[in-house]
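Chemist: For reference, the sequence and a predicted model appear below.
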Amino acid sequence: MNAPNINAQSPLELRATSKFFKGKAAVKDMSFSAPKGQILGFLGPNGAGKSTSLRIALGVLSPDSGEALLFGEKPNLKNLRRVGFLPEERGLYRKMTTRAIISYYGRLKGLDRKTSLSRADEMLQRFGLGDHLKTKISDLSKGMAQKVQILSTLVHKPDLIILDEPFSGLDPVNQQDLELLIREEHARGATIIFSTHVMEHAERLCDRLVIIGKGQKRFDGTIDEAMSLIPETADISTEGNFDLHAALEKSGFTSSYDKEDETGKHWRIDLSHGERAQDVLRAAINAGAPITSFTPHRAKLRDVFVSLVGEDESPAETEENH
Ligand SMILES: Nc1ncnc2c1ncn2[C@@H]1O[C@H](COP(=O)(O)OP(=O)(O)OP(=O)(O)O)[C@@H](O)[C@H]1O
């Protein structure tokens, strides 16, 4: 293992980095870090600057100002060995077999031949490509080839895994396999950062999120913190003539009266920032409301994303239209 370094808690850090192409900022004053052992989602619309930021972090691009740190040092051959990187551009040597290519990447990262081959076999078996150990890349489907490329990124058990749009191009079953793979790498102790447009993956997988738009950071925090940017609402139904509006007003909640039918009255409560749907349920129970149903509505990450960067560019993809 490498010696401890000054920034052991954050395997990846960008400090006030900017990068200009032809005078236009692709990334502007960008600062964020990937906390050790966490899964960080790096989100933003098309052209937001995700790939540019990740390339700067790896030393592939040098920033015009600011700095990138990997394990507390500028990117260098030694710390890059601890990184597994899936670039946005896909591509493998088409004439090589799956196991040959994965073990080749393992050798490049310092594994011996025997270890790299046995890891290649093990990973291919584990992730549904056991029948294709000796298949050439040219004979695989695009999605399968992408899976092989992802496995090539992970063969040396990197401490830091950076995946640029790993889910794009995979069918739902393979997306699920990839989620499993990410969780396994996380359980092994790896720090993971992945970029995506697909909010559902980020919502399920991430400990933290960085959301960027037009080259600048718009949000940095936990999923819960992101969700709390959009207030919750709740629907409550009551029996008989009970006036929930008046009852809740005493506790500071604002409810609107939606409709009345043979089952009772149906109310919508708009909560303020920081208020939770459970709070209003408790207030309604305490007020003696004859509740027949309660439905909390929490914002989805997609709503938060749209509210933060929705006007920037193209709409976010969803799993359905992916
Ligand atoms: N090599 C380059 N030369 C000129 N402009 C570039 C270059 N690389 C990126 N850009 C520009 O910088 C901006 C950010 O691009 P980047 O690829 O980092 O965005 P992204 O968030 O990864 O987008 P996507 O989700 O579409 O992949 C875009 O306006 C892009 O056109």
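Modeler: Cool, the structure landed. Residues are numbered from 1 along each chain as shown.
Chemist: Quick one: the strands in this structure, in order.
Modeler: Remark: strands assigned in the chain by DSSP state E are 12-21, 24-34, 39-43, 65-70, 83-86, 160-164, 191-196, 208-213, 216-222, 233-238, 254-261, 264-270, 291-297.
Chemist: If I average pLDDT within each of those strands, which one is lowest?
Modeler: Here the strands of the chain differ in mean pLDDT, and the lowest is strand 254-261 at a mean of 85.
Chemist: orientation of that strand relative to strand 233-238 in degrees?
Modeler: Put simply, strand 254-261 runs at 50 degrees to strand 233-238, going by axes from the mean of the first three to the mean of the last three C-alpha atoms, to 10 degrees.
Chemist: sorry, back to before: turn the strands of the chain into a markdown table, including distance to the ligand and mean neighbour count.
Modeler: Where you see a C-beta, it was placed from the backbone N, CA and C, and this is true even at glycine. Below are the strands of the chain laid out as a markdown table (distance: least, C-beta to the nearest ligand atom, whole Å; neighbours: other C-beta atoms under 10 Å):
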| stretch | distance to the ligand | mean neighbour count |
| --- | --- | --- |
| strand 12-21 | 3 | 18 |
| strand 24-34 | 3 | 19 |
| strand 39-43 | 9 | 26 |
| strand 65-70 | 14 | 18 |
| strand 83-86 | 13 | 21 |
| strand 160-164 | 7 | 24 |
| strand 191-196 | 7 | 25 |
| strand 208-213 | 7 | 23 |
| strand 216-222 | 11 | 16 |
| strand 233-238 | 31 | 20 |
| strand 254-261 | 39 | 12 |
| strand 264-270 | 34 | 19 |
| strand 291-297 | 29 | 14 |
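Chemist: Could you export those strands to TSV, including columns for distance to residue 170?
Modeler: As requested, those are arranged in TSV below (distance: least, C-beta to C-beta, whole Å):
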stretch	distance to residue 170
strand 12-21	24
strand 24-34	23
strand 39-43	17
strand 65-70	27
strand 83-86	12
strand 160-164	12
strand 191-196	11
strand 208-213	21
strand 216-222	26
strand 233-238	34
strand 254-261	41
strand 264-270	39
strand 291-297	30
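Chemist: show me the contacts for residue 226.
Modeler: Applying C-beta atoms under 8 Å, 6 or more residues apart in numbering, one finds that residue 226 lies in contact with 209, 211, 219, 301, 304.
Chemist: Farthest-apart pair in those residues, please.
Modeler: Maximum pairwise distance among the contacts of residue 226 (C-beta to C-beta): 10.6 Å, between 219 and 301.
Chemist: The residue nearest to residue 248 when sequence neighbours are not counted pairs with what?
Modeler: What sits nearest to residue 248 in space, not counting adjacent residues and going by C-beta to C-beta, 6 or more residues apart in numbering, is residue 255, at 5.1 Å. Following DSSP bridges, residue 255 is listed with bridge partners residue 269.
Chemist: Up against the ligand, what does the protein have?
Modeler: Residues of the chain found near the ligand (C-beta under 6 Å from any ligand atom) are 21, 26, 44, 46, 47, 48, 49, 50, 51, 52, 88.
Chemist: From residue 309, how far off is the fourth one?
Modeler: Plainly put, residue 46 is 10 Å away from residue 309 if you go by C-beta to C-beta, to the nearest Å.
Chemist: List the contacts of the longest helix seen in the chain.
Modeler: For the chain, the longest helix by residue count, based on DSSP state H, is helix 172-187. The contact list for helix 172-187 (C-beta under 8 Å, 6+ apart) reads 37, 39, 127-128, 143, 146-147, 150, 154, 161, 163, 166-167, 170, 192, 194, 201, 204-205, 319.
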